[in-house]
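> can you look at this prediction? I've put the sequence above it.
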Number of protein chains: 2
Amino acid sequence: MELQQTNGTLVSFRPDIKVVDCTLRDGGLVNNFYFSDEFVKDLYHMNVAAGVDYMEFGYKASKAIFQEKEFGPWKFCKDSDIRAVVGDNKTELKISVMADVGRTDYKKDILPRKDSPIDMIRVATYTNTIPAAIAMIEDAKRKGYETTVNIMAVSKVNEDDLNNGLEILAKSSVDAIYLVDSFGAFYPEQIRRLTSRYLEIGAKSGKKIGIHAHNNQQLAFANTIESLSLGTSFLDATVSGMGRGAGNCYLESLLGFLRNPKYNLIPVMEFVEKHILKLKAEGNEWGYDLPYLLTGILNSHPSSAIKCIKEKRTDYSRFYQELLDETF
Amino acid sequence: MELQQTNGTLVSFRPDIKVVDCTLRDGGLVNNFYFSDEFVKDLYHMNVAAGVDYMEFGYKASKAIFQEKEFGPWKFCKDSDIRAVVGDNKTELKISVMADVGRTDYKKDILPRKDSPIDMIRVATYTNTIPAAIAMIEDAKRKGYETTVNIMAVSKVNEDDLNNGLEILAKSSVDAIYLVDSFGAFYPEQIRRLTSRYLEIGAKSGKKIGIHAHNNQQLAFANTIESLSLGTSFLDATVSGMGRGAGNCYLESLLGFLRNPKYNLIPVMEFVEKHILKLKAEGNEWGYDLPYLLTGILNSHPSSAIKCIKEKRTDYSRFYQELLDETF
């Protein structure tokens, strides 16, 4: 039996690896971005101490589309709010924010990098809005930022559309292209095939590849390290998997796996003890549960599972029937 | 990049696959085998309806070593207790029990198969007790049973000892040899390498291979399907991952993954709703938590993590230091 050729093994050193902490951004979808100032400051110091490469503060969302009073500040990530946490950020940790195609006033709200504490702009797009994403990427590039593009919901996209989108992005200025498993629907063997395709296009065009996984089937960590082992560089995770619905790849698991001595798990444990247990005790809910498994298996948006759990429904087989009725 | 050669893909039909429900046996380690009669009967009917291949009732433990009054009946699995649930078991579901080397009076307590409702004897052993395990296997074979051997704690064993043990077992009458990740310490790429070795030896000697995974790093399901994709046939799982500490591979996830139409997830959901939620509400604790991740990362026995959680300790970084002090 022939073993798979991988880029690196468990013990190999991969200096190209970049860990991106998305706790505020994906976790903000749990609590509408209402994090305490202490949470955010401690998370920043945790990331610095843990050797994490990027900390994503949240979204650059349009204040014309979203009401400021309905969300905590990290929905909008004003530069002044970030600066209140990081000062001039004289650390190795870089700062990123996400901007959704069609939901951001990027021309106005994203300042030139030299005037901003932000280092990287991550553009989130669907395949059918890739041209608009490229306009945002080129704008950010001109302003001096590192950029990534996160193509969402690819488990719903046909192969031609995905290949076409990847080819267009390969010609853009973007630094990294993310494989995103929005619905937690992929198994490792599918991640393997998709990662290979992304890496092939990335190798041709000089782009790094990233992975952003969700935990509907308890595969977020497994899928992340599967993709990593093939050559993916940018790895998204959140503390204790905090994120919408089933949540994300656990930063604890990821740092425990990576053998690069720059990463340190201790500060993350201390943060969990101080902040995450409290958030959970206050009623913030996320993480694997049976309804998320079912939307994952059916490759469905997790919103119905989130609703099921919020309503404390436990009639799982009936819920599954409803999902089937909506799906087929 | 060359893709790994696998035995089957996501959609392929693998008639050799056997799903083994270990809920009573591994779950019994959570509640000392005190399951209600209704739980056990409903689990049996669930497994029949779900198309599960084997249901493991528990241990054939020695009543000379263990006090009957300190455990529920499934620690001992008297044939009469099993028969009270399954009658003559006129179903496709087969019945298994586990017997630990050195903790069983197998000669006396395991009756000839023709007189017993049990179909399969699973022998659990460490590498250094394999000769004793073989005596048990040959006894069970003579009595007419199917047999498996589960070599525990292989993450602690050096390669020579493991290879030696596998070669000896290859010459025995055992039907299947299990790869067991007792401490939830293995990553998928290690499971891949080990599975390949087990399969190689199994192919030479006509033995099937099985996988029994634990969820310390939230990898039990991922490791199970990784091993399966290479050719492993016997797949252990428990309802909602019920099992000691971090628990096991979730039967829900596994049946949701397998494409063989004989498997049916609906009865499992109904069982979760009726029984598992109640068990949890009554204070039975299992499933992923940070202390289990730490013992998994350090390849340690989960007992210290179980104690940490029982004592409601949340000083994770201190607990980690204690583990390190014990380990190195």
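That came through fine.
> so, low pLDDT: which residues of chain A?
Scanning chain A for pLDDT under 70 picks out the ranges A:1-12.
> try it again with 90
Within chain A, the stretches with pLDDT under 90 are A:1-15, A:259-261, A:326-328.
> in it, which spans are helices?
For chain A, helices defined by DSSP state H occupy the ranges A:23-31, A:37-50, A:79-86, A:106-109, A:130-142, A:159-170, A:188-205, A:220-230, A:251-257, A:266-271, A:277-281, A:290-297, A:303-310, A:316-327.
> need those in a markdown table (columns: mean neighbour count and distance to B:Lys204).
Every C-beta, even on glycine, is put in place using the N, C-alpha and C of the backbone. Formatted as a markdown table, those follow (neighbours: other Cβ atoms under 10 Å in any protein chain shown; distance: least, Cβ to Cβ, whole Å):
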| stretch | mean neighbour count | distance to B:Lys204 |
| --- | --- | --- |
| helix A:23-31 | 24 | 48 |
| helix A:37-50 | 19 | 47 |
| helix A:79-86 | 16 | 60 |
| helix A:106-109 | 14 | 62 |
| helix A:130-142 | 19 | 52 |
| helix A:159-170 | 16 | 40 |
| helix A:188-205 | 18 | 27 |
| helix A:220-230 | 27 | 29 |
| helix A:251-257 | 24 | 33 |
| helix A:266-271 | 22 | 45 |
| helix A:277-281 | 14 | 51 |
| helix A:290-297 | 26 | 37 |
| helix A:303-310 | 18 | 46 |
| helix A:316-327 | 15 | 43 |
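> redo the ones you listed as CSV? Include distance to chain B.
Listed next are these as CSV, based on distance: least, Cβ to the nearest Cβ, whole Å:
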stretch, distance to chain B
helix A:23-31, 15
helix A:37-50, 12
helix A:79-86, 23
helix A:106-109, 36
helix A:130-142, 25
helix A:159-170, 15
helix A:188-205, 6
helix A:220-230, 3
helix A:251-257, 4
helix A:266-271, 4
helix A:277-281, 6
helix A:290-297, 4
helix A:303-310, 12
helix A:316-327, 4
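> nearest to B:Asn150, out of those helices?
Checking the helices of chain A against B:Asn150 by Cβ to Cβ gives helix A:220-230 as the closest, at 22.9 Å.
> hey, C-alpha coordinates of that closest one in PDB?
In PDB, the C-alpha atoms belonging to helix A:220-230 read as follows (Å, rounded to 0.1, in the frame of the first residue of the first chain):
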ATOM      1  CA  ALA A 220     -12.900  20.700  12.500                       C
ATOM      2  CA  PHE A 221      -9.500  19.900  14.000                       C
ATOM      3  CA  ALA A 222      -9.100  16.700  12.000                       C
ATOM      4  CA  ASN A 223      -9.800  18.500   8.800                       C
ATOM      5  CA  THR A 224      -7.500  21.300   9.700                       C
ATOM      6  CA  ILE A 225      -4.500  19.000  10.300                       C
ATOM      7  CA  GLU A 226      -5.400  16.900   7.300                       C
ATOM      8  CA  SER A 227      -5.200  20.100   5.100                       C
ATOM      9  CA  LEU A 228      -2.100  21.300   7.000                       C
ATOM     10  CA  SER A 229      -0.300  18.000   6.300                       C
ATOM     11  CA  LEU A 230      -0.700  18.400   2.600                       C
END
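> and that helix, what does it pack against?
Applying 3 or more Cβ pairs under 8 Å, 6 or more residues apart in numbering or on different chains; DSSP states H and E, one finds that helix A:220-230 makes contact with helix A:188-205, strand A:208-212, strand A:234-237, helix A:251-257, helix B:188-205, helix B:220-230.
> got the ones you listed as TSV, with distance to B:Leu279 columns?
Putting the helices and strands packed on helix A:220-230 into TSV (distance: least, Cβ to Cβ, whole Å) gives the following:
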stretch	distance to B:Leu279
helix A:188-205	30
strand A:208-212	34
strand A:234-237	31
helix A:251-257	26
helix B:188-205	29
helix B:220-230	19
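> closest one to B:Leu323 among these?
Set against B:Leu323 and scored by Cβ to Cβ, those come closest in helix A:251-257, at 12.2 Å.
> how far does that closest one sit from the chain's center?
Here the centre of helix A:251-257 is set off from its chain's centre by 15 Å, with Cα atoms, centre = their mean, to the nearest Å.
> ditto for stretch A:217-228
With Cα atoms, centre = their mean as the basis, stretch A:217-228 stands 13 Å off its chain's centre.
> same question for stretch A:83-98.
Per Cα atoms, centre = their mean, the centroid offset for stretch A:83-98 relative to its chain is 18 Å.
> what about it, how long is it end to end?
End-to-end distance of stretch A:83-98 (Cα to Cα, to the nearest Å): 17 Å.
> now do stretch A:155-175
Termini of stretch A:155-175 sit 23 Å apart (Cα to Cα).
> show residues contacting that stretch.
A:123, A:127-128, A:130-131, A:133-134, A:137-138, A:141, A:146-149, A:151, A:154, A:177, A:181-183, A:185-186, A:197-198, A:201-202, A:204-205, A:207-208, A:299 (Cβ atoms under 8 Å, 6 or more residues apart in numbering or on different chains).
> just stretch A:228-237 next, same as before
Outside stretch A:228-237, the residues touching it (Cβ under 8 Å, 6+ apart) are A:6-9, A:14, A:16-22, A:148, A:176, A:178-179, A:192, A:195-196, A:198-199, A:208-213, A:224, A:248-251, A:253-254, B:1, B:189.
> any of the residues you listed buried? List them.
A:6, A:14, A:17-22, A:148, A:176, A:178-179, A:192, A:195-196, A:198-199, A:208-213, A:224, A:248-251, A:253-254, B:189 (16 or more other Cβ atoms under 10 Å in any protein chain shown).
> how long is stretch A:259-275 end to end?
Stretch A:259-275 end-to-end distance (Cα to Cα) = 26 Å.
> before we move on, what about stretch A:302-321?
15 Å.
> centre of the chain to it, how far?
On the basis of Cα atoms, centre = their mean, stretch A:302-321 sits 24 Å off its chain's mean C-alpha point.
> and for stretch A:79-97?
Relative to its chain's centre, stretch A:79-97 lies at 19 Å (Cα atoms, centre = their mean).
> also stretch A:109-117?
22 Å.
> can you check stretch A:55-70 too?
16 Å.
> phi, psi for A:Arg103 please.
With angles defined as degrees, to the nearest 10, A:Arg103 sits at phi -130, psi 30.
> show me what contacts it?
Counting by Cβ under 8 Å, 6+ apart, A:Arg103 has contacts A:Tyr59, A:Ala61, A:Ser62, A:Ile65, A:Phe66.
> if we ignore the residues flanking it in sequence, what's nearest the third one?
Once flanking residues are discounted, A:Ser62 sits nearest to A:Asp105: 4.8 Å by Cβ to Cβ, 6 or more residues apart in numbering or on different chains.
> gap between the closest residue to A:Lys63 other than its chain neighbours and B:Glu68?
What sits nearest to A:Lys63 in space, not counting adjacent residues and going by Cβ to Cβ, 6+ apart, is A:Phe76, at 6.3 Å. As judged by Cβ to Cβ, to the nearest Å, A:Phe76 and B:Glu68 stand 65 Å apart.
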